[in-house]
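Could you work out the structure for the sequence below:
(chains A and B)
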Number of protein chains: 2
Amino acid sequence: MSRLLYLQSGGPTAVLNLSAQGVIETARELGVSVCAAADGLAGLQGGRLLDCDALSADDLAALGRQPGAAFGSSRHILPPFDAAPAEWQQLAGVLQRHDIRQILLNGGNGSMETALLLQQLAERFALPLTVVGIPKTIDNDLEATDFSPGFPSAAKYLASSLREVLFDMRSMAQGRVFILETMGRHVGWLAAAGCLAALPDEAPPLLLLPEVAYDEERVFAAVQEQVAAQGYCAIVVSEGLRSADGRFVAQMHADQVYGHEQLGGAGNWLAQRIQQGLQLHAHVAVADCLQRAARHLLSAVDARLAYEVGRKAVQWAVAGQGGVMAGIARVVTADGCDWQVLPQPLAAVANLERALPAEFIAASGLDVTPACRAWLQPLLAGEVPLPFADGLPDMRRLHFPPLPHP
Amino acid sequence: MSRLLYLQSGGPTAVLNLSAQGVIETARELGVSVCAAADGLAGLQGGRLLDCDALSADDLAALGRQPGAAFGSSRHILPPFDAAPAEWQQLAGVLQRHDIRQILLNGGNGSMETALLLQQLAERFALPLTVVGIPKTIDNDLEATDFSPGFPSAAKYLASSLREVLFDMRSMAQGRVFILETMGRHVGWLAAAGCLAALPDEAPPLLLLPEVAYDEERVFAAVQEQVAAQGYCAIVVSEGLRSADGRFVAQMHADQVYGHEQLGGAGNWLAQRIQQGLQLHAHVAVADCLQRAARHLLSAVDARLAYEVGRKAVQWAVAGQGGVMAGIARVVTADGCDWQVLPQPLAAVANLERALPAEFIAASGLDVTPACRAWLQPLLAGEVPLPFADGLPDMRRLHFPPLPHP
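The predicted structure is shown next:
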C-alpha cells in the first residue's frame, strides 16, 4: 500500500494541527493512505512512523483543536548529500520500505530547504516521490507567501492582550510603564502587531523591533513624552532587539549593563535601563510559549488558511506537482481582501528570511507605518470558538498507533 | 440631591467593572443617584467626583466589558483619625458638600480597613452615611468570603494558558522545562490554580508557592523525575516564592546567586538555578498584568458574582446596613455548588490575609491536595463571550463628566 507522509518541523503554532487535519481529511477524500513521522525528520530517520488512517472523525476534530505539534516536532534538518551520504541512504530506505509516494513537510524556511533536499533525494535514488511544503511559523519570516499560518493568531493574541492591559494601565496611570516581550528573534512581525492594541485616542505603544538598532536616547525621550502626556507608556519589545553593534541586548554582559550580568530577556533588560535611566518602574510580561499556544484566541483567517494550505498541498502532491510550497496570496476585493493558496517554488522560500520591509517601519524607528497597520488588520479578522469543559479548554491527547514495520 | 459614592481601590481585575455595573444599575433601579471618585480615595480627597447618572445603557454595557478600573484606582488608604485629623476633616467636608449618604468601597483587605475607618468617620462627624465593602482581588487573600471576585478569572486564564502550553511542551519533549510565573506576592492561590492545567494522563505541574519555603533539593529531584518520565516538566512559580530564611528569591543578591545580582522575578531566578544546577534550559513566561486584564477569558461564575456583590452592596447600603462587606458563601447543592452573597462584618476582613490553608498543600510541598482541586474547579465554570470588532476585543474608553462643585 502506497502512502503519503506528513511531517511537522520546528516550533509549533496554535494552528499547526489544523494544517494536519486538512492534510488527513483531504487525503482521505482522495483515497490516499496517510502516515506521519513521530518528532518530524528525527523520527523519520529512525523509522518511527505513525498510522493516521485509524483516526476517527472525532479524533480529527480533536486534532484540529490542539495547539502544539500533535505528532511531535524537531529542529532536525537534512544536510546536503555530500555532507551526509549515509543519512540520505538510510532515509531513502525508510521511504522505499513504506512505499512513501508523497511527502508533506510542514515547517519554516529551514524545513523548506529540507523539502528541496528531499525532492533531490527522490531523484538521486529514483524514488517515485513528490515533495510539497506547507508553511508554518509565528515569526512570519517566510518569503513567497502573504503570511505564514500561525502568525495571525499569535498577532491577535498579542494585540488583544495588550489592548486589555492598556485598560489596566490607564486605571493607575501615575508614571507607569508596561513592557510586553514578544518572540521573533530575527524579525519584528510579532512585535509590530502590538501597533493594533491602542485605541484611537491614545498614543500607540512603542515598538522595539529587531530591524532597528536600539537607540536609548530616542526610546527614553519617547517614554518620557508618553508618560508626561497620558501618565503611562506601553512598550512592545522583540526578544531579538539588538544594539547598534549587532548584539542581542539580552546577551549583553557585565560592564555594559551597569556592572551586572544580564539574566532574562530583552524585556527585563529594558525595564532595568528605564528604572536606572528614568527612575520609572516598569512591569514586564513575557508571553513566551503562551503566544504560540493560545488556541483559545485564534484568528479565523489564520485557522481557515492553515487548513487550506494542508488541503492544497495534498491535492498537488497527489497530482505529482512537487518542489513547491503552498503559498498564500492576498487578493484585494471590493469588501477588503481575501486569500488564495498558490504553488510557489521551494527555492523561493528555502533558507530565506523575510524581515519587516523598510516601508512598514515609521521614521521614528519606534512605530510602524499606516501601510503596515493596513496590511496587519485583516489578518486578525474573525474568532474561532473553542469548546471548554469544566471551565478549561476541552482538549485531549491523541495517541497514534505506530505503522508496522513492513 | 443625596448620592451614593462608589470607589475602586488597589490593583484592577478583569471583572472589577462588572461590580461597578452592578452598583450603578441597581442604584438606578432604586432611584438613587450615583457618583464615583476619580482614582479612588486619592480623588475623593481632592474632591474629584464623577457623575455616573449620565451613563447610557450602552455605556453601562461597555463599562462591564472593560478590564482595569474604569474610574481610576489608587493604593491610597485612610490613616486612623489620630494620625491624620486634617485628612478626616477634609474628607468629611467633601462628603457633606456632595450629600453622600452611602459609600461603596470596592477593594482588597487594605480597602476594607479604610471602609471601617470611613464608617467611624461618619460617626465622628455625625454624617448620615452607610459604608459597605465590595470584595476584589486576583490574589484571593480576603477572609470571610469563599473567593474574591477577580480570582476565578485569573485562575482560569492561568490554568487554560498552561494547558495550552503543555501541548506545546509535549511536541518537542527533549528535556524541556517551562516556567510560568504568576502574581500573588504573599499567598499562593494563583499559582495553585496551575494544578488544573494537566491532563489526567500526565504529571501535574510543580507548584512553587509562597507558603512553602524553596527547597532546592526537592525541586531539582521532582524536575529530574518528570523530565525522565515524560521528557518535560512544567513549573508554576509565584512571584512571592521565598527561601527558608523568609526572603523573596527574586530579591536575592550577589553571592547567593552565583555571584550575580538577580534581575527579573522568581521565574527567571528559577530558570537560572535549573540551568546551572541541572543543565536544563527553561522557557520562562511571566503573565504579569495579562492575568488580571484577560477580559477575553472570564469565568462565568466570577462574572456573575462580581456583578452580584455590587448589586447586594447597594441594596444593603440604601437600607442602612453598613459596616459590612458583601461576602460570598459557597452552598453545596445536589448538582455541585452555588454561591450566595451575605453580609460579613468589615472587621472580619480588614487587614487580614488568607493564605492557602495547610490542608490544601500536598505533603511534597510542590502540589496541592485533592481537596484544593475540588475547591478550585467549580470557580472556573462557564465562559463569557466577549464581542470582538476588527479582530480585536471591542472595548472603548468611557469618559465620565465631573460632578459639579455644589
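
how about the residue lying closest to A:Phe71 once chain neighbours are set aside, secondary structure?
Among residues not flanking A:Phe71 along the chain, A:Ala36 sits closest, at 4.3 Å (Cβ to Cβ, 6 or more residues apart in numbering or on different chains). C-beta coordinates here come from the backbone N, C-alpha and C atoms, glycine included. Here A:Ala36 takes the strand state, with states given by DSSP: H, G, I helix; E, B strand; the rest coil.

So what sits opposite A:Ala36 in the bridge?
Note on A:Ala36: beta-bridge partners by DSSP bridges are A:Tyr6, A:Leu50.

Tell me how many other residues crowd it.
29 (other Cβ atoms under 10 Å in any protein chain shown).

Could you list which residues are in contact with it?
A:Leu5, A:Tyr6, A:Leu7, A:Gln8, A:Ala20, A:Leu49, A:Leu50, A:Cys52, A:Phe71, A:Phe400 (Cβ atoms under 8 Å, 6 or more residues apart in numbering or on different chains).

Same check on A:Ala355?
Contacts of A:Ala355 (Cβ under 8 Å, 6+ apart): A:Asp141, A:His186, A:Val187, A:Gly188, A:Pro210, A:Glu211.

Neighbour-wise, which one of those residues leads?
Neighbour-wise, those (other Cβ under 10 Å) top out at A:Gly188, 29 neighbours.

And A:Gln251, how far from chain B?
A:Gln251 is 14 Å from chain B, where distance means Cβ to the nearest Cβ, to the nearest Å.

got the buried residues for stretch A:166-174?
If you call a residue buried by 16 or more other Cβ atoms under 10 Å in any protein chain shown, then stretch A:166-174 has these buried ones: A:Leu166, A:Phe167, A:Asp168, A:Met169, A:Arg170, A:Ser171, A:Met172, A:Ala173.

and it, does that touch chain B?
Yes - using Cβ under 8 Å from any Cβ of the partner chain, stretch A:166-174 reaches chain B at A:Phe167, A:Asp168, A:Met169, A:Arg170, A:Ser171, A:Met172, A:Ala173, A:Gln174.

can you list contacts of that stretch?
By Cβ under 8 Å, 6+ apart, stretch A:166-174 touches A:176, A:178, A:197-199, A:202, A:230-232, A:234, B:8, B:11-12, B:39, B:66-70, B:72-75, B:289, B:292-293, B:295, B:395, B:397.

Give the ChimeraX command for selecting the buried subset of the contacts of A:Ala36.
With 16+ other Cβ under 10 Å as the criterion, this ChimeraX line picks the buried residues out of the contacts of A:Ala36:
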select /A:5,6,7,8,20,49,50,52,71,400
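
Tell me which two of the contacts of A:Ala36 sit farthest apart.
Pairwise distances across the contacts of A:Ala36 peak at 14.5 Å for A:Ala20 and A:Leu49 (criterion: Cβ to Cβ).

Can I get the host helix or strand of A:Gly327 in PDB, CA atoms only?
In this assignment (DSSP states H and E), A:Gly327 forms part of strand A:324-332. Extracted in PDB, the C-alpha atoms of strand A:324-332 (Å, rounded to 0.1, in the frame of the first residue of the first chain):
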ATOM      1  CA  VAL A 324       6.600  23.700  -4.300                       C
ATOM      2  CA  MET A 325       5.200  25.200  -1.100                       C
ATOM      3  CA  ALA A 326       1.600  26.100  -0.600                       C
ATOM      4  CA  GLY A 327       1.900  29.900  -0.600                       C
ATOM      5  CA  ILE A 328      -0.800  32.300   0.400                       C
ATOM      6  CA  ALA A 329      -1.600  35.200  -1.900                       C
ATOM      7  CA  ARG A 330      -3.600  38.200  -0.900                       C
ATOM      8  CA  VAL A 331      -6.300  39.300  -3.300                       C
ATOM      9  CA  VAL A 332      -7.900  42.700  -2.900                       C
END
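
and the next element down the chain from that strand?
By DSSP H and E, the next helix or strand past strand A:324-332 is strand A:337-345.

Pull out the buried residues from the helix or strand following that following strand.
Next along the chain after strand A:337-345, taking DSSP H and E as the criterion, comes helix A:370-376. Neighbour-count burial for helix A:370-376, counted by 16+ other Cβ under 10 Å, picks out A:Cys372, A:Arg373, A:Trp375, A:Leu376.
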